[in-house]
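Asks: model this:
(chains A, B, C and D)
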2 protein chains.
Amino acid sequence: MTLVGTLSEPNLLIKKLELYTRLSCREKAVLERLSAGPVRLYQPRESIIRQGEPPEVVNLFRQGWACRFKDLPNGRRQVVSFLLPGDLCDLNVFVLRQMDHSIEAITAVSVAPIARAEFEMITAEYPRITQALWWDALVTNAIQREWTTNIGQRDAGARVGHLLCELFIRLRAVGLTTGSSCAFPLTQALISEATGLTNVHVNRTIQRLRTLGLVSIKERRLAIPDLEALMEFSMFETNYLHLDHEGRHLDAND
Amino acid sequence: MTLVGTLSEPNLLIKKLELYTRLSCREKAVLERLSAGPVRLYQPRESIIRQGEPPEVVNLFRQGWACRFKDLPNGRRQVVSFLLPGDLCDLNVFVLRQMDHSIEAITAVSVAPIARAEFEMITAEYPRITQALWWDALVTNAIQREWTTNIGQRDAGARVGHLLCELFIRLRAVGLTTGSSCAFPLTQALISEATGLTNVHVNRTIQRLRTLGLVSIKERRLAIPDLEALMEFSMFETNYLHLDHEGRHLDAND
DNA sequence: CGACGCGTTGAATTTACTCAATTAGAGTGG
DNA sequence: CCACTCTAATTGAGTAAATTCAACGCGTCG
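Replies: Reported below is the predicted structural model:
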């Protein structure tokens, strides 16, 4: 892990929270400042935090992809979520003593660590932001429930398709897609660890999705020519992502 | 659903929260009062809230078992968690506009609905309780991640065994076990919906666990003669339940 | 070049599913 | 008390989905 100075990309956390409710300029400025501090950089495959360690900061993911996973005694592991730019993790820092899972960089990752004091300042003084952070945490849970459902009920084709839909839509929500495609750094091995399938089977499954014209993955990019069709095929329903501005009654005016 | 007056059982929410941190007498009194109001009763299989509806109250489960589940377009459903006495659900009431899952009674269930105002009073005035409620919410997430892992990585035997370990230990944590056994109202069909297996396969799996002397389920009771052995068999590690008094630094003195 | 990561393929095997029928038990009403 | 009904548990046989194991191709990088 490397520490470097300030970066200046668009703040995707703000973009994401505004899917829930409109923030005021002042609130946005506060969030900008939060994530404008020094940044930690991680290399692909580098560990960000490990199972058993105490969490120390709230991490805001600025660039790159990471995954949350659990190791099992038999040597296998389950990826339980993917962390994308704009995502927050480890809100448990203020409560839990030790991590029950690990987080690891997939690509090069830049993270803005947010200290406890800053967080408490926000929750004390900016109720609308606090509410939006709650929304984010609850959506994270909803995603976790959907993953349970995905692995438990869908066959390999729909299961992989569902994961691809989710990632595409989450990326689109923060503006990281271009038309019907997006950057896609996941290897088939990672997809298999996330879906509970073997890498061999994932390979054959993706080939089938390709043959059906539903997806195309090449050169680290994912293209979904007909998202509606893939959603139908994968029994994907967007509601669990709660992206339809559900906090509109709280919208700021300025 | 039926409304009835006050009941007086031991308050399992308090018991559960004290696994995290010791509460003061005053705090306990507040929590007692919270859940001492009128109670809602549900019959087995009765719906408590349905996917798509807006959540209206925070429900504290006082008696009985319920399950949270998601319906799929193909008619199947996935049970994503079980709600036991002392559990809270639908903290999302203040944030999300619509439920992305349903909740249904398994046995006869009695629930104490907690209004928004009461909740806000607590978070404003009782930081230690608030912290403990956060702990509860975070543990709920940790459980959801473990379920994802369970379904994704363990074979049928360990998967069912793991579920039984979890339920037993959660019940034990609130004092609802007797020696090595506990009430167990789940049908094999429910177990299959929770584990992503078919009921036929669950049946054969439980028979195997029985033959191995690991569990015995009869007359709506579960007995686990050697919990250590079942945990080993199921690759069960308790850490994700965060039951070891992690908030001890916050303990009340009186 | 050689090592390595990643994707791909084949063949055999196993786990879990499907479908259908049967048994057991609890509860109901005549 | 017994027939009737329902739900839940159980069994058997055939099938399908996914796994395992092993090997190979291909591009990148040191």
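Asks: please name the residues that touch A:Glu118.
Replies: Contacts here follow C-beta atoms under 8 Å, 6 or more residues apart in numbering or on different chains; on that basis A:Glu118 touches A:Leu34. For the C-beta atoms, the positions are set from N, CA and C on the backbone; glycine is no exception.
Asks: so which strand or helix has it?
Replies: Taking DSSP states H and E as the criterion, A:Glu118 maps to helix A:116-125.
Asks: so which residue of chain A comes closest to DNA strand D?
Replies: In chain A, the residue found nearest to DNA strand D is A:His201; the distance is 3.1 Å by C-beta to the nearest atom of the strand.
Asks: just checking, that residue touches A:Ala189?
Replies: No: using C-beta atoms under 8 Å as the test, A:His201 is too far from A:Ala189 to be in contact (11.7 Å).
Asks: re earlier: pull out the buried residues from the helix holding A:Glu118.
Replies: By neighbour count with 16 or more other C-beta atoms under 10 Å in any protein chain shown, helix A:116-125 contains the buried residues A:Glu118, A:Phe119, A:Ile122.
Asks: mind checking how far the second one is from A:Arg33?
Replies: In this structure, A:Phe119 and A:Arg33 are 13 Å apart, going by C-beta to C-beta, to the nearest Å.
Asks: ok, A:Arg26 next?
Replies: Distance from A:Arg26 to A:Arg33, by C-beta to C-beta: 11 Å.
Asks: and if you look at A:Pro185?
Replies: Counting by C-beta to C-beta - A:Pro185 and A:Arg33 are separated by 29 Å.
Asks: could you check which of those two is surrounded by more residues?
Replies: Applying other C-beta atoms under 10 Å in any protein chain shown to A:Pro185 and A:Arg33 shows that A:Pro185 carries more neighbours, namely 15 against 11.
Asks: I'd say that one and A:Thr107 touch.
Replies: Yes: if you go by C-beta under 8 Å, A:Pro185 and A:Thr107 touch, sitting 4.7 Å apart.
Asks: what residues do the two have in common as contacts?
Replies: Shared contacts of A:Pro185 and A:Thr107, counting by C-beta under 8 Å, 6+ apart, come down to A:Trp65.
Asks: ok, which residues in the stretch 51-200 of chain A are in contact with DNA strand C?
Replies: Applying C-beta under 7 Å from any atom of the strand, one finds that the stretch 51-200 of chain A approaches DNA strand C through A:Thr187, A:Gln188, A:Ala189, A:Asn199, A:Val200.
Asks: now those residues as TSV including pLDDT?
Replies: Formatted as TSV, those follow (pLDDT from 0 to 100):
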residue	pLDDT
A:Thr187	98
A:Gln188	98
A:Ala189	98
A:Asn199	98
A:Val200	98
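Asks: type out the ChimeraX command that picks the buried ones from those residues.
Replies: If you want just the buried ones from these in ChimeraX, going by 16+ other C-beta under 10 Å, the selection is:
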select /A:188
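Asks: mind telling me the two of the residues of the stretch 51-200 of chain A next to DNA strand C farthest from one another?
Replies: Greatest spatial distance among these (C-beta to C-beta): A:Thr187 and A:Val200, at 13.2 Å.
Asks: spatially nearest residue to the residue most central in space within chain A (excluding sequence neighbours)?
Replies: Centroid-nearest residue in chain A: A:Leu83, 3.3 Å away (criterion: C-alpha atoms, centre = their mean). Nearest residue to A:Leu83, sequence neighbours excluded (C-beta to C-beta, 6 or more residues apart in numbering or on different chains): A:Ala66, at 4.2 Å.
Asks: quick one, phi psi at that neighbour?
Replies: Main-chain torsions, A:Ala66, degrees, to the nearest 10: phi -140, psi 170.
Asks: tell me the residues on the stretch 151-254 of chain A that lie near DNA strand D, please.
Replies: So the stretch 151-254 of chain A meets DNA strand D at A:Asp155, A:Ala156, A:Gly157, A:Arg159, A:Gly196, A:Leu197, A:Thr198, A:Val200, A:His201, A:Arg204 (C-beta under 7 Å from any atom of the strand).
Asks: can you do 6 Å?
Replies: A:Asp155, A:Ala156, A:Leu197, A:Thr198, A:Val200, A:His201 (C-beta under 6 Å from any atom of the strand).
Asks: so which of those residues is the most crowded?
Replies: Busiest of those [other C-beta under 10 Å] is A:Leu197, holding 21 neighbours.
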